[in-house]
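>>> sequence? don't have it. structure:
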Ligand code: GDP
Ligand code: MG
C-alpha cells in the first residue's frame, strides 16, 4: 500500500514574490490529477492560497503542504512565501525538505529575495532544480537568466532544456537529454472546465522532433550539458573524450548524481500560466531530486547522555519525527506538521516528546491539501503529515519512540524585532483578542505577545512590518477582534549593569480585609541571552514557602516593563533574600505587590540601560555606487564589516541598528536608481549609546504621555 521510500520526493517551491510559485504549484496539482480545475492567482481562486487574506492580496503567506502523484512517485509539496518577513517559513521548509524547485522570472531574472533564499538553501545544502518561468512574456531571456545565476549566485547552472520560440511565439521546450521536443497547444482550452474528470497527465502536450528553428541552439546546449557532466565525473569525462555515445539513461543518472551532490543545478523553462513546461518539470523532480533514502542519517542527541546519535532513513529504525509547523484548524483544533525521519508509527499509539520530556498521543494523522484533509492510519519514514491530538508539541520539537529516544537538531528562529501596540476597542473585546493572539503565537514561533500592565496595552512583536501587518489583519478578520492598532516600532529591551538590593512592603486593605507582605530582594545582571532567573535564598522563616511563587509572579509581571521607557527587562536574576509576614494578614496578593515594589526601586538602582536590535545588512551594488553607499553608512553611524567582490559588483556587509534600517531600503533605491538591493537579518541585541538612550527615553516618555 505504502509508496516505497525511493519513490517519495519531499520538495519545496521557492522564489521571489511574483515569479510564479503559486501558479506553478496550481499547475502541478492539475497535471497530477489532484485538482480538476485550475484556479488562477489573479482571479483570487488559487487552491493553495486558501486564506481569505491571501486570496485578496494574491500572495502566499503560510507554507501550505500538499501532496500529489507522478509516475508512481509521491510528491510532498510545500509552497513557500517569498517575502523576507516570512523568512521563517522558508527556513523551516528548508529544514525538513529534501529538494527545492527555484522559480525565476524569465524577464526579471535573479531578484534579491531569490538570492536570499538561494543562500539559505546553500546553508542547508539542499539540491535544487531551476524553473525559468514566464517565457511567454516580452523581454524574456532564458540564457540571460542562466548567466545571472552564474554571476550573482555563483551557481553552476546547467540548462537541460532549450526553449522553442520566445515571448508570444514560445510553444515548448527541447529536452536536451532525449533530444526531442515537447510542444503544447496554445489557447489551453483543456484547462478550467469544471466537469473535466480525465487524467490530465498529457493534456495539451505532444512530443515531436526538434523543430528546425531550435536545432542549432539545442545542439550547442547539449554539448554544454555533456561537458558540465564530464567535469563532475572522471569516468564520464574519459568516455566523453573518447566520443562514446551515451544512452539517455546514463546521462540522466549522471545528472541525478551531480544534482544530489550540489555540483550542478539543472535549469528548465516554461510558462506556467500558459500551461507550458509543467510535465517535464515533474519528470525532472522525479528523476533528479533526492528521495529520503538518498539523504545522510538524521543527527540528534540522546536525552539521557547528551551523546550524538543518528537515525538512518529506514522503516526498521526507531520512530523519530520533527514538528516543523503548528496550525490551528477550525475543525480539528491544533494541527502539528511532522516530518518523519525514521521508523513508523500508527495513529492512536503513544509517542514520546523528547524535547519536553512528555508522553503524548497522536489521535489521527492527516495529509493536508491546502485546507482540506485526508486521514492516514500509519506514517513512515519520509512522510510529511499533520498530526491531531498532540498537547505539548510546538515547532522544533522531536517526537519519537519512548524506548529509544532522540532529540533531533531543531531549527534556528530569528528574534522578533518589530513591535506594534494593540488595544481592544471595548472590555468585551479583550477575551477575543487574547484567544486570537494565543492561536496566532502557537502557529508562528517568530510572533510574540506581551501585556503591559502599566499602559494596559498588549504589545505584539514579529520579524518586520509586513509580518505584523498581516498578523493584525488575520486577527481582525479570522478572529473577529475589534481593536485599535498602533504604528510599528523597534522592539527595544532593558537590562541592568550592576547588582542592587531593595525592599518592598505592602500593608493595606483589600476587599474589606487587611493584607500584609514584605520582601527583601537582590537584583544582579546576567550574560546576554540568559533571560530571567529567580532564586529563593531565605529559609522560609521570613517569607513562608507558600508565598514564594507569588513573589516570583510579582516580579514576572513587573518585568514586562522596564524602568527607563517601559520595555521588557531581560538578562537578570532576582533573588528573594528576606522579608516578613503576618500570621493572620499575609496574602499572596500582598506579596505580589510587595515584589513589584521592590522591583521598581531595585532596578532603578541597578544601572538600567537600553538594548536595541542590531541588524546585519547586506547590500549588493554595482561598483560605481560603492563610495557613495559607504559614506552614507558612515553618516548613519554604521560599521562596514566587509566589502566583497561579487560578480557584477560588490557586496557590502554592514551592521546597523534596526531604528536606522527602517526606511533605508527606499533611501538606497533612490540613491542608486534601483540598482542596489539589500537583505537584512537580525544579529544581536546591543546597548545603545548614552545619547541615543537619552533621546529615546525622552521621546518615548512624551509619546506615551
Ligand atoms: P508567486 O508570488 O511567486 O506565488 O507568483 P504567482 O503565482 O502569484 O504569480 C504572480 C503573477 O504572475 C500572477 O499574476 C500570475 O498570473 C502571473 N504569472 C505566473 N506565471 C506566469 C507565466 O508563465 N506567464 C505570465 N505571463 N504570467 C505568469
Ligand atoms: Mg504565491
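Arrived safely, thanks for sending. Treat the numbers as computed from the prediction; the structure is a model and nothing was measured. Ligands and ions are numbered 1, 2, ... in the order given.
>>> pLDDT score assigned to the residue of the stretch 401-550 of the chain found nearest ligand 2?
Closest residue of the stretch 401-550 of the chain to ligand 2, CB to the ion: residue 470 (13.4 Å). In this view, the C-beta of every residue, glycine as well, is placed from N, C-alpha and C. Here the pLDDT value assigned to residue 470 is 79.
>>> could you do the one 5 residues further on as well?
The pLDDT attached to residue 475 in the predicted structure is 86.
>>> can you tell me which residues contact it?
Applying CB atoms under 8 Å, 6 or more residues apart in numbering to residue 475 gives the contacts 422, 433, 436-437, 440, 481, 483.
>>> surely residue 506 touches residue 514?
No: Residue 506 is beyond contact range of residue 514, at 10.9 Å (criterion: CB atoms under 8 Å).
>>> report how many residues lie close to the residue of the stretch 401-550 of the chain closest to ligand 2.
22 (other CB atoms under 10 Å).
>>> can you tell me the element it falls in?
Counting by DSSP states H and E, the element that carries residue 470 is helix 465-477.
>>> just give me how far that helix sits from the chain centre.
17 Å (CA atoms, centre = their mean, to the nearest Å).
>>> so is that helix next to ligand 1?
No: on the criterion CB under 6 Å from any ligand atom, helix 465-477 is out of touch with ligand 1, staying 13.6 Å away.
>>> bridged to the nearest residue to residue 386 once chain neighbours are set aside, which residues?
Of all residues not flanking residue 386 in the chain, residue 335 sits nearest, at 4.5 Å (CB to CB, 6 or more residues apart in numbering). Counting by DSSP bridges, residue 335 is bridged to residue 327, residue 388.
>>> what is the burial count for residue 335?
Around residue 335 there are 23 residues (other CB under 10 Å).
>>> one more: residue 635?
By other CB under 10 Å, 8 other residues sit near residue 635.
>>> do you know how far it is from ligand 1?
As judged by CB to the nearest ligand atom, to the nearest Å, residue 635 and ligand 1 stand 36 Å apart.
>>> do residue 537 as well
For residue 537, the distance to ligand 1 equals 57 Å [CB to the nearest ligand atom].
>>> part of a strand, is residue 461?
Yes: assignment of residue 461 by DSSP: H, G, I helix; E, B strand; the rest coil places it within a strand.
>>> how much space between it and residue 662?
15 Å (CB to CB, to the nearest Å).
>>> looking at these two, which is more packed in?
Using other CB under 10 Å as the criterion, residue 461 and residue 662 rank with residue 461 on top: 22 against 15.
>>> what's the local residue count around residue 446?
23.
>>> worst-scoring helix or strand of this structure, pLDDT-wise?
helix 52-57 (a mean of 46; mean pLDDT, DSSP states H and E).
>>> beyond that helix, next helix or strand please.
By DSSP H and E, the next helix or strand past helix 52-57 is strand 64-70.
>>> give me the packing partners of that next one, helices and strands only.
helix 21-31, strand 73-79, helix 278-288, strand 364-369, strand 384-388 (3 or more CB pairs under 8 Å, 6 or more residues apart in numbering; DSSP states H and E).
>>> among the ones you listed, which is the most enclosed?
Most buried of the helices and strands packed on strand 64-70, by mean neighbour count (mean count of other CB atoms under 10 Å): helix 21-31, with a mean of 26.
>>> check contacts around residue 107.
Counting by CB under 8 Å, 6+ apart, residue 107 touches 134, 137-141.
>>> can you tell me which of the residues you listed are up against ligand 1?
Answer for those near ligand 1 (CB under 6 Å from any ligand atom): 134, 137.
>>> now the contacts of residue 107: which count as buried?
Buried by 16 or more other CB atoms under 10 Å: 134, 137, 140-141, out of the contacts of residue 107.
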